[in-house]
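> let me see the structure of the following:
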Amino acid sequence: MNEWFAVKHDDLLAEFERYIVDHPELLAQIPNEALFVFIDPADPEFNRFNLERVERYRAVDDIPDRPIVYLDVGELAPIHSRMLNPRILTKIPDMAIA
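Numbers count the residues shown, from 1 in each chain. Presented below is the predicted three-dimensional model:
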């Protein structure tokens, strides 16, 4: 498995899980035990990788005819940090020592 694509898949899965928290109604559209295939309109190479990955999995899947859900990720907002007011310290702060 291409490590870059695996990392991207994991990132998209994490983003989808965050999205579901805010939009639980989307879960009603997903069949039980479905396979997810993330599709990124901006990355055809990733799409090929993901489609091939799912086909390999289906060849050994214990559930024949398992439903497949294709999720077009649409656009992704820029990643940004959730840190608020970070500080650079030159020594270990007292509160870090327990």
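> for residue 5, what is the enclosing helix or strand?
For residue 5, the element it lies in under DSSP states H and E is helix 3-22.
> C-alpha coordinates for that helix, CSV please?
In CSV, the C-alpha atoms belonging to helix 3-22 read as follows (Å, rounded to 0.1, in the frame of the first residue of the first chain):
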residue,chain,number,x,y,z
GLU,A,3,2.0,5.1,2.4
TRP,A,4,1.0,8.6,1.2
PHE,A,5,-2.4,7.3,0.0
ALA,A,6,-2.9,5.4,3.3
VAL,A,7,-2.2,8.6,5.3
LYS,A,8,-4.6,10.6,3.1
HIS,A,9,-7.3,7.9,3.5
ASP,A,10,-6.9,8.0,7.3
ASP,A,11,-7.1,11.8,7.2
LEU,A,12,-10.3,11.7,5.2
LEU,A,13,-11.8,9.1,7.5
ALA,A,14,-11.0,11.3,10.5
GLU,A,15,-12.6,14.3,8.7
PHE,A,16,-15.6,12.3,7.8
GLU,A,17,-16.0,11.2,11.4
ARG,A,18,-15.9,14.8,12.5
TYR,A,19,-18.5,15.7,9.9
ILE,A,20,-20.8,13.0,11.1
VAL,A,21,-20.7,14.4,14.6
ASP,A,22,-22.2,17.6,13.2
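> what does that helix contact?
When contacts are defined by Cβ atoms under 8 Å, 6 or more residues apart in numbering, helix 3-22 is touched by residues 26-27, 36, 38, 40, 43, 46, 49-50, 53, 71, 73, 76. Yep, even glycine has a C-beta here, placed from its N, CA and C like the rest.
> kindly recompute the last result at 7 Å.
Helix 3-22 is contacted by residues 26, 27, 38, 46, 49, 50, 71, 73 when judged by Cβ atoms under 7 Å, 6 or more residues apart in numbering.
> which residues in this protein form strands?
Using DSSP state E, the strands of the chain run over 35-39, 68-72.
> a markdown table please, covering the ones you listed and showing mean neighbour count and mean pLDDT.
Output for the strands of the chain, formatted as a markdown table (neighbours: other Cβ atoms under 10 Å; pLDDT from 0 to 100):
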| stretch | mean neighbour count | mean pLDDT |
| --- | --- | --- |
| strand 35-39 | 17 | 92 |
| strand 68-72 | 13 | 94 |
